[in-house]
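> sequence and predicted model, in that order:
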Amino acid sequence: MNMDYGRNNIAVIGAGYVGASLSALLAENNDVLVIDTDESKVNKINRKESPIPDKDIENFFETKDLSISASANIEDIQNYAQYIILCLPTNYDDNKKEFDTQILDQCIDRVINLCKDSLIIIKSTIPIGYTKAKCEYHKTTKIVFSPEFLREGRSIEDNQNPSRIILGACQKLENEDKKFLEILKSISSRNNQEVMIMSSEEAEAVKLFANTYLALRVAFFNELDSYCMTRELSSRSVIEGICADSRIGNYYNNPSFGYGGYCLPKDTMQLHSHFKDISQATISASIISNTLRKQHIVNEIINRKPKKLGVFRLEMKKGSSNYRHSAILDILNELSIANIDILVFDENLDSNKFPEIQTCSDFEEFKKGCDLILTNRYDKKLDCVKDKVFTRDIFGEN
């Protein structure tokens, strides 16, 4: 912690990755009330346990003296919170071609009625123009947007070492509201943390364009890998040669089966929807490229004609419990259509969520029964069957 800005009463609504990590960090020097409709998460927080499976967050709850409590009743924030942070899901609606903000809409309506003088900080990813529209609808300037830039499984680290702190407001911030920036700075381990204040629409655009750029970068190196596979070139050699250029850099360059997870798929599609009356090519390209990459992997597997295809874990990336928009799920769907016999090994998988998939929790049985094993990210557990493994995890294999 850099400085003591005094204790504040802060409410965090939503105990997912963003809300759990942020509330834990804030609770070191502030009094934090977490609101979530999931009673199991509420009970865990009240027992001073992490509400989600994340090693860093679990360790933080176990080792730190936190002033934190939780409730399933949003009414409990009334006359309590100076600052209310909204960390709620905004999934992409494929039919409407935009984020579904219904949960966030309803929450803001409630919060405005309960705490008219509190500053409401939106951390959820939202469409460009959302914050301004809410301020106008509720005739207030007390709703702001502060994008998060967290990697899944690294949320504590990224909150403590943020690349930048951004606050987007509809009008010039009052001094009391600016204090929230100091609170965010106080959980950072950096002394000279860069802080940016801009319009809410600009801040919303930063979030969507940043994630779309990362999606484009992932797609670029995946297409490079597809080319090298087809031409029998070393993807590793080509990537290392390219990334030795400091202008390009050695990051987000490890090939995969396609980008997935909570952020990149939905954020690229949301940004794409904002271009409906503006000419563009690269935004569409990232979405199309990701689809083509998954089809390329499907074709590679089909061409190998496996008698029994093993799939080692369905997680989006190593160390993640997230299966949402995992590229491997789309690949499995296409392979099942092609009548490939598939067996999935995933010791953390709730088989009830995927009743259509044949699963196995015994690794010995799994490795013996499969003649080809597909994995998005390599694990040392596969060393004993490395000759059976198909992966594009070039830099994680060794």
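Thanks, I have the structure now.

> from here on, contacts and neighbour counts on C-alpha atoms
OK.

> flag the shaky bits of the stretch 151-300 of the chain, pLDDT-wise.
Counting by pLDDT under 70, the stretch 151-300 of the chain has low-confidence residues at 191.

> can you give me the strands in it?
Remark: strands assigned in the stretch 151-300 of the chain by DSSP state E, counting those that start in this stretch are 165-169, 195-199.

> Throw those into TSV and include distance to residue 215, thanks.
Output for these, formatted as TSV (distance: least, Cα to Cα, whole Å):
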stretch	distance to residue 215
strand 165-169	21
strand 195-199	24
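
> deepest of the ones you listed, which one?
Ranked by mean neighbour count, those are led by strand 165-169 with a mean of 23 (mean count of other Cα atoms under 10 Å).

> what residue is smack in the middle of the chain?
The centroid of the chain falls nearest to residue 262 when counting by Cα atoms, centre = their mean (4.1 Å).

> looking at the strands of the stretch 151-300 of the chain, which is nearest to residue 267?
When the strands of the stretch 151-300 of the chain are compared by Cα to Cα, strand 165-169 sits nearest residue 267, at 17.8 Å.

> if you average pLDDT over stretch 13-31, what comes out?
Summarised as a single mean, pLDDT over stretch 13-31 is 95.

> skipping adjacent residues, who's closest to residue 341 in space?
Take residue 341 and drop its neighbours on the chain: the residue closest to it by Cα to Cα, 6 or more residues apart in numbering is residue 308, 5.2 Å away.

> my guess is the one you found contacts residue 344. True?
No - the pair residue 308 / residue 344 is not scored as a contact, 10.5 Å apart, by Cα atoms under 8 Å.

> more neighbours: which of those two?
Neighbour totals were compared for residue 308 and residue 344, and residue 344 leads with 23 against 15 (other Cα atoms under 10 Å).

> so that one makes contact with residue 363?
No - at 10.1 Å, residue 344 and residue 363 do not qualify as touching, with contact defined as Cα under 8 Å.

> how big is the angle separating whichever helix in the chain runs longest from strand 165-169?
Longest helix of the chain, by residue count under DSSP state H: helix 200-231. Using axes from the mean of the first three to the mean of the last three Cα atoms, to 10 degrees, the inter-axis angle of helix 200-231 relative to strand 165-169 is 130 degrees.

> ok now helix 200-231, how far from the chain's centre?
Relative to the centre of its chain, helix 200-231 is centred 15 Å away, using Cα atoms, centre = their mean, to the nearest Å.

> and stretch 86-106, by the same measure?
Distance, stretch centre to chain centre, for stretch 86-106: 15 Å (Cα atoms, centre = their mean).

> next: stretch 134-141.
28 Å.

> in it, what counts as buried?
Buried positions in stretch 134-141, judged by neighbour count with 16 or more other Cα atoms under 10 Å: 134-135, 141.

> could you list the alpha-carbon positions for that stretch in CSV?
Taking Å, rounded to 0.1, in the frame of the first residue of the first chain, the C-alpha atoms of stretch 134-141 are listed here in CSV:
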residue,chain,number,x,y,z
LYS,A,134,-27.6,6.4,-17.7
CYS,A,135,-26.5,9.8,-16.3
GLU,A,136,-29.1,11.5,-18.6
TYR,A,137,-31.9,9.1,-17.7
HIS,A,138,-31.4,9.5,-14.0
LYS,A,139,-30.5,13.2,-14.2
THR,A,140,-27.2,12.7,-12.3
THR,A,141,-23.5,13.1,-12.7
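
> ok, and what's touching that stretch?
With contact meaning Cα atoms under 8 Å, 6 or more residues apart in numbering, stretch 134-141 is reached by 112, 142-143, 169-171.

> what of stretch 24-31?
With Cα under 8 Å, 6+ apart as the test, stretch 24-31 has contacts from 4, 6-10, 32, 57, 60-61, 64-68, 156, 183, 187.

> quick one: buried ones out of those residues?
Buried members of the contacts of stretch 24-31, counted by 16+ other Cα under 10 Å: 8-10, 32, 57, 60-61, 66-68, 156, 183, 187.

> can I get those residues in CSV with distance to residue 225 and secondary structure?
Shown next, in CSV, are these (distance: Cα to Cα, whole Å; DSSP: H, G, I helix; E, B strand; the rest coil):
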residue, distance to residue 225, secondary structure
8, 50, coil
9, 50, strand
10, 47, strand
32, 46, strand
57, 35, helix
60, 39, helix
61, 41, helix
66, 46, coil
67, 49, coil
68, 47, strand
156, 32, helix
183, 44, helix
187, 39, coil
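
> looking at the residues you listed, which is nearest residue 388?
Comparing these against residue 388 with Cα to Cα places residue 57 closest, at 35.5 Å.

> pull the contacting residues for the closest one.
Neighbouring residues of residue 57 by Cα under 8 Å, 6+ apart: 20-21, 24, 50, 155-156.

> in helices, which of those appear?
Under the assignment DSSP H, the contacts of residue 57 contribute 20-21, 24, 155-156 to helices.

> and residue 26, what are its phi and psi?
phi -70, psi -30 (degrees, to the nearest 10).

> same question, residue 85
Torsion angles, degrees, to the nearest 10, at residue 85: phi -100, psi 120.

> now the helices for the stretch 251-398 of the chain?
With helices called from DSSP state H, counting those that start in this stretch, the stretch 251-398 of the chain shows them at 264-274, 282-304, 327-337, 363-369.

> and among those, the most buried is which?
Scoring the helices of the stretch 251-398 of the chain by mean neighbour count under mean count of other Cα under 10 Å gives helix 264-274 as the most buried, with a mean of 22.

> that one: how far from the chain's middle?
Worked out by Cα atoms, centre = their mean, helix 264-274 lies 14 Å from the chain centre.

> list the helices and strands it packs on?
Under the contact definition 3 or more Cα pairs under 8 Å, 6 or more residues apart in numbering; DSSP states H and E, helix 264-274 sits against strand 92-93, strand 98-99, helix 200-231, helix 282-304.

> so which of these comes closest to residue 83?
Closest of those to residue 83 is helix 200-231, at 17.4 Å (criterion: Cα to Cα).
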